[in-house]
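Enquirer: Starting from these lines, generate the structure:
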Amino acid sequence: MALALGMLSAPLAATTCVPQREAISVALPGFVSPAEIVLPPSATPRLGLLILFPGSDVADMDGAIEGAGGVIVSRPMRQVADRLACAGFASLRYNKRFVTGPTTVDRAKFDALNGVDFADDARAALALARARPGLAALPVGLIGWSEGTTVAVDVAAHDRSVAAVVLMAPVVASSASIAQAQYGRIGRPYLMRFATGGALDGDAIARADAGPGGDLAHIFVRMFRGFRPGERVNPLLDKNGDGRIAFAEADPIIASWYADGPDSGLGVASTARALRGLATAFTATSAPMLIMQGLNDSMIDPAAAEAFATRPDALRRVTLLTYPGLGHSLGPAVSAQEDTLLPIADKPLADMARWLRTTLRQ
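Expert: A predicted model of the protein is given here:
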């Protein structure tokens, strides 16, 4: 069911809260993953055990997002762990396999991983957490963000003891379809703002690069930019070599780069390598689900979550909360084109805590 924000978003009582932290590690195939257990303050009753799964590509346990100049602009999974500890929930976060820091990774090994590897790692993390003293008897919830939602849903589909699933900006149809839609939803419209006569020259691309676009918009700007010294436009997109990239030239080429195949530019997002999206995997699950979707999400079209929540089978156990003015990270975003993955706003964190309290108490 879809709920208005006011039903869940009343702020939690203000408290001074210092979560307890314990650095641990999770043994994964060929890699020992740095991890952290976050516990409520000692005087706070423990209401549940949560396992957190970050988003796509290189991601440490915090889901750290790198902005301009290499500065970390947000750590959404750490935010979730800390806020929920203060609401009474223990949690475990861990680095993805072969990831040693926010932006450091054994790239060759990491790029060989598939969605099933991420799900296997999640099950190993859950088993480790359940074996910890004081955690084994707690009801279990899973929290995924973006690509991590496919991991959470896959684990829940194979483990009926999971009592709650929170999906932040979920992959609904497929990872492939999301990636294929991003140019048309964000990249092309943003670049069109700087084009003349349906084309961009080097100056226009430079203006787009200096413009207000968010993380995803700038990925596509870099795709149009030259990549060798002295190049101002990408020669792979400037097929006639006139120093201008016309959208009529670029559109079919970019579409070919995003063709769905295991060896295409989609990589682990390809259907052959990714986990199933929520629309397909949902019927194998049984746990109540909370979907949290920013309406200014750059990466994922919010309409997908809104449509999914109207399915008859979803109406029975899915709660959808949508957030105007928030982006993919559930942080503030002026628009989808200007979504810079800022820290999670307070309302989604309060809503998440309240829903988990209610759901894991049942």
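
Enquirer: Phi, psi for Asn296 please.
Expert: Dihedral pair for Asn296: phi -110, psi 40, per degrees, to the nearest 10.

Enquirer: For Leu39, see how far away it is.
Expert: Applying Cβ to Cβ, to the nearest Å, the value for Asn296 to Leu39 is 34 Å. For the C-beta atoms, the positions are set from N, CA and C on the backbone; glycine is no exception.

Enquirer: Which residue ranges make up the domains of this protein?
Expert: Segmentation of the chain into domains, based on automatic domain parsing, reads 5-174+274-361, 180-257.

Enquirer: Who are the packing partners of the worst-scoring helix or strand of the chain on mean pLDDT?
Expert: Least confident helix or strand of the chain, by mean pLDDT, DSSP states H and E, is strand 65-66 with a mean of 94. Under the contact criterion of 3 or more Cβ pairs under 8 Å, 6 or more residues apart in numbering; DSSP states H and E, strand 65-66 touches strand 72-74.

Enquirer: So for Asp106, what pLDDT did the model give?
Expert: On pLDDT, Asp106 comes in at 97.

Enquirer: so how far is stretch 169-184 off the chain centroid?
Expert: Once both centres are worked out by Cα atoms, centre = their mean, to the nearest Å, stretch 169-184 turns out to sit 12 Å from its chain's centre.

Enquirer: how about that stretch: buried residues?
Expert: With burial defined by 16 or more other Cβ atoms under 10 Å, the residues of stretch 169-184 counted as buried are 169-183.

Enquirer: Inside helices: which ones of those?
Expert: Ser175, Ala176, Ser177, Ile178, Ala179, Gln180, Ala181, Gln182 (DSSP state H).

Enquirer: can you map out the strands along the stretch 151-300 of the chain?
Expert: In the stretch 151-300 of the chain, the strands defined using DSSP state E, counting those that start in this stretch lie at 162-168, 199-201, 244-246, 289-294.

Enquirer: Can you report how many residues lie near Asp215?
Expert: Neighbours of Asp215 under the rule other Cβ atoms under 10 Å: 21.

Enquirer: about what we covered before: let's have the strands of the stretch 151-300 of the chain in TSV, adding mean pLDDT, distance to Ala43 and mean neighbour count.
Expert: TSV is the format used below for these (pLDDT from 0 to 100; distance: least, Cβ to Cβ, whole Å; neighbours: other Cβ atoms under 10 Å):
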stretch	mean pLDDT	distance to Ala43	mean neighbour count
strand 162-168	99	24	25
strand 199-201	98	60	21
strand 244-246	98	61	22
strand 289-294	99	27	26
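
Enquirer: Select, out of those, the one closest to Gln79.
Expert: strand 162-168 (10.9 Å; Cβ to Cβ).

Enquirer: how close does Phe220 sit to Ala68?
Expert: In terms of Cβ to Cβ, Phe220 sits 16 Å off from Ala68.

Enquirer: backbone phi and psi for the residue lying closest to Ser298 once chain neighbours are set aside, please?
Expert: Among residues not flanking Ser298 along the chain, Asp339 sits closest, at 3.6 Å (Cβ to Cβ, 6 or more residues apart in numbering). With angles defined as degrees, to the nearest 10, Asp339 sits at phi -80, psi 110.

Enquirer: Backbone dihedrals for Thr149, both of them.
Expert: According to degrees, to the nearest 10, Thr149 has phi -70, psi -30.

Enquirer: Just to check, it is in contact with Ile178?
Expert: No: contact criterion Cβ atoms under 8 Å: Thr149 and Ile178 do not qualify, at 11.0 Å.

Enquirer: Common neighbours of those two, please.
Expert: Shared contacts of Thr149 and Ile178 (Cβ atoms under 8 Å, 6 or more residues apart in numbering): Val171.

Enquirer: What separation do you get for the residue sitting furthest away from the middle of the chain and Arg225?
Expert: For the chain, the residue at maximal distance from the C-alpha centroid (Cα atoms, centre = their mean) is Asp242, at 38.7 Å. For Asp242, the distance to Arg225 (Cβ to Cβ) stands at 16 Å.

Enquirer: Go ahead and confirm Pro348 touches Leu321.
Expert: Yes: under the contact definition of Cβ under 8 Å, Pro348 touches Leu321, with a separation of 7.4 Å.

Enquirer: These two - which one has more neighbours?
Expert: More neighbours surround Pro348 than the other of Pro348 and Leu321, with 27 against 24 (other Cβ under 10 Å).

Enquirer: For the more buried one, give me the pLDDT.
Expert: 99.

Enquirer: What of Gly265?
Expert: Value listed for Gly265 in the pLDDT field: 85.

Enquirer: One more: Leu3?
Expert: 52.

Enquirer: Pro262 too?
Expert: 71.

Enquirer: any idea how far Val155 is from the closest residue to it other than its chain neighbours?
Expert: In space, and not counting its chain neighbours, Pro262 is closest to Ala272: 4.2 Å by Cβ to Cβ, 6+ apart. Using Cβ to Cβ, Ala272 is found at 21 Å from Val155.

Enquirer: what's the answer for His218, then?
Expert: From His218 to Val155 the distance is 33 Å (Cβ to Cβ).

Enquirer: Have a look at these two and say which one is more surrounded.
Expert: Val155 (25 against 19).

Enquirer: Any idea how many residues pack against the closest residue to the more buried one other than its chain neighbours?
Expert: Using Cβ to Cβ, 6+ apart and skipping residues adjacent in sequence, the residue nearest Val155 is Ala122, 5.1 Å away. Residues lying near Ala122 (other Cβ under 10 Å) number 23.

Enquirer: Tell me where the stretch 251-362 of the chain is predicted with low confidence.
Expert: 362 (pLDDT under 70).
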